[in-house]
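Asks: show me the folded form of this:
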Amino acid sequence: MKIYFTKKTIFSLIIIGILAGLILIAQHSLNIYQIGLLSLVGINAILVISLNITNGYTGLFSLAIGGLMGISAYVSGLLTLSTDYKAINLPDLPQWLIAAQWPLLPALLVGALITVVIGTLFHWPSLRLKGHYFALASLAFTEIVRLLASNMKKITRGALSLTGVASLSNLWWIYGWLVIEVLVVIQLFRSRHGRALIAIRDDEGLAQLKGINVAFYKAFAFMISAFFAGVGGALWVHYTNIVSPSSFRLAVIFTLFIMFTIGGKASISGSIIGAVIITLLPQILRPLEEGSVIFGINVPELYGLTQLILAVFLILLLIKRPQGILGGRELSFNWVGEKLNRLFPPIQDKGNK
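Replies: Predicted coordinates:
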C-alpha cells in the first residue's frame with residue numbers, strides 16, 4: 001500500500017519536527033526561568049486556542065474559561081497529590097481519593113472530561129441566549145466555580161490554597177498537547193461540522209433555515225473548547241504547583257481575552273502569536289519598571305509601565321487592525337512568501353524587458 005503525503009501534511013510534519021528540535025535545544029541550553037517562560041507560553045496558547053473555538057469560530061461570547069480551568073485544576077491536582085499531603089491536610093476526603101496518587105496523563109484526562117460534563121450541564125440551558133446575555137451566564141458560571149472553591153474547604157482548602165501539587169508539566173507535555181489541539185482544531189474546521197459552526201457564527205438564522213441544528217452545534221463547540229480548557233488548567237496547576245479560588249479571577253480571563261484579541265479571532269496562528277506577545281512582553285519590560293541603565297542613562301523605577309505599554313499597544317492595534325494581527329488567516333509558507341515579496345519586491349532584469 002502506497003502512502004501519499006500532501007503539501008499540508010508535509011508542512012505539519014516539518015513544523016512538528018522543528019518544534020521537537022527546539023524543545024531539545026531549550027532543555028539543554030536554557031535555564032529554569034527561561035524554560036518556565038516557554039512552558040507558560042505553551043499553556044497560554046492552549047487556553048487561547050480553546051477560547052477561539054467558541055468565541056472566534058462559533059461566535060459564542062463565552063467568559064467561562066476561568067471556571068473550566070479551575071474545575072480541571074482542582075480535579076487533576078487532587079488526583080496527583082501525595083497520599084501523605086491529603087491524609088494530613090484533607091482528612092475529610094473519601095478514602096479512595098486519599099489513597100489515590102495518579103500519573104499526570106490519566107489525572108489530566110479525568111479533569112478535562114469532568115470539566116466537559118459540568119460545563120455542558122450548566123451551559124446547556126443558556127445556549128439559547130445570544131450576545132451579552134450568554135456572556136453574563138458564562139461569567140456567572142466562573143463566579144459559581146470560584147465561590148464553591150472558596151467554601152468547599154474540606155475538598156479545596158478554600159483560601160488556604162491547594163499546595164504541594166507535583167511539578168509534572170514539562171515542555172514535552174505542554175507542547176505535545178498544543179500540537180494535538182492544533183491538529184484537532186484544523187481537522188474540525190475542515191469538516192462539515194466545522195463549516196456548520198462557522199455558518200452559525202456568520203448568520204445563525206440562515207444556518208437554522210438550512211437545517212443546521214444550532215443548539216447541538218453550539219453545545220458541540222462548547223464541549224471541545226471545555227475539554228482543551230481543562231487540559232490547559234491541568235497543565236497549569238502542575239506547572240505552578242498551587243491552586244486557589246483567586247487563581248481564576250477576572251484578571252486572568254481578561255488577559256486571555258487580550259491574547260485572543262491581539263492574535264485575531266478564528267486563527268490558530270494568531271492565538272499562538274497573541275500568547276507569545278502577552279506572555280513575554282511583561283518579562284521583557286520588567287527591567288524598565290525596576291530601574292536600569294540604558295545607553296548610560298539612569299532610568300528611574302517606573303512601576304506600572306508594563307500595563308501602560310500593553311494598554312497603548314492594544315488600543316493602537318484595535319484602531320489599525322480591529323481584526324487582530326492575523327484576523328481569520330493562518331501562517332503558511334505561501335503567506336510568508338507573499339509578505340516577503342511585498343516588503344522586498346524582486347528586482348527585474350532590465351535585459352529581459
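
Asks: please enumerate the strands of the stretch 151-300 of the chain.
Replies: All strands of the stretch 151-300 of the chain, identified by DSSP state E, counting those that start in this stretch, fall at 162-163, 242-243, 292-294, 297-299.

Asks: what about the chain, any weak spots by pLDDT?
Replies: Applying pLDDT under 70 to the chain flags the ranges 1-9, 11-12, 291-296, 299, 332-353.

Asks: the residue nearest to the spatial centre of it sits in which helix or strand?
Replies: Nearest to the mean C-alpha position of the chain, by C-alpha atoms, centre = their mean, lies Leu47 at 1.2 Å. If you go by DSSP states H and E, Leu47 is part of helix 32-52.

Asks: please apply the same query to Leu317.
Replies: Going by DSSP H and E, Leu317 is part of helix 305-320.

Asks: look up how far Leu104 lies from the residue nearest to the centre of the chain.
Replies: Counting by C-beta to C-beta, to the nearest Å, the separation of Leu47 from Leu104 is 18 Å. C-beta: built from backbone N, CA, C; applies to glycine.

Asks: same check on Leu197?
Replies: Distance from Leu197 to Leu104, by C-beta to C-beta: 31 Å.

Asks: so between the two, which is more surrounded?
Replies: Neighbours were tallied for Leu197 and for Leu104 using other C-beta atoms under 10 Å; the higher tally belongs to Leu197 (27 against 18).

Asks: OK, contacts around the more buried one?
Replies: Tyr57, Thr58, Phe189, Tyr217, Phe220, Ala221 (C-beta atoms under 8 Å, 6 or more residues apart in numbering).

Asks: which positions in the longest helix that the chain contains come out as buried?
Replies: Secondary structure of the chain per DSSP state H: the longest helix is helix 214-240. For helix 214-240, the neighbour count (16 or more other C-beta atoms under 10 Å) marks 214, 217-218, 220-240 as buried.

Asks: re earlier: ok, the contacts of Leu197 vs Ser271, which is closest?
Replies: Nearest to Ser271 among those, counting by C-beta to C-beta, is Tyr57 at 10.9 Å.

Asks: now that closest one, nearest residue through space, not along the chain?
Replies: Ala266 (5.2 Å; C-beta to C-beta, 6 or more residues apart in numbering).

Asks: the one you found touches Thr58, doesn't it?
Replies: No: checked against C-beta atoms under 8 Å, the pair Ala266 and Thr58 is beyond contact range at 9.3 Å.

Asks: which neighbours do the two have in common?
Replies: Residues touching both Ala266 and Thr58 (C-beta under 8 Å, 6+ apart): Ile198.

Asks: measure how buried the nearest residue to Leu314 once chain neighbours are set aside is and give me the count.
Replies: In space, and not counting its chain neighbours, Leu314 is closest to Ile258: 6.3 Å by C-beta to C-beta, 6+ apart. For Ile258, the neighbour count with other C-beta under 10 Å is 19.
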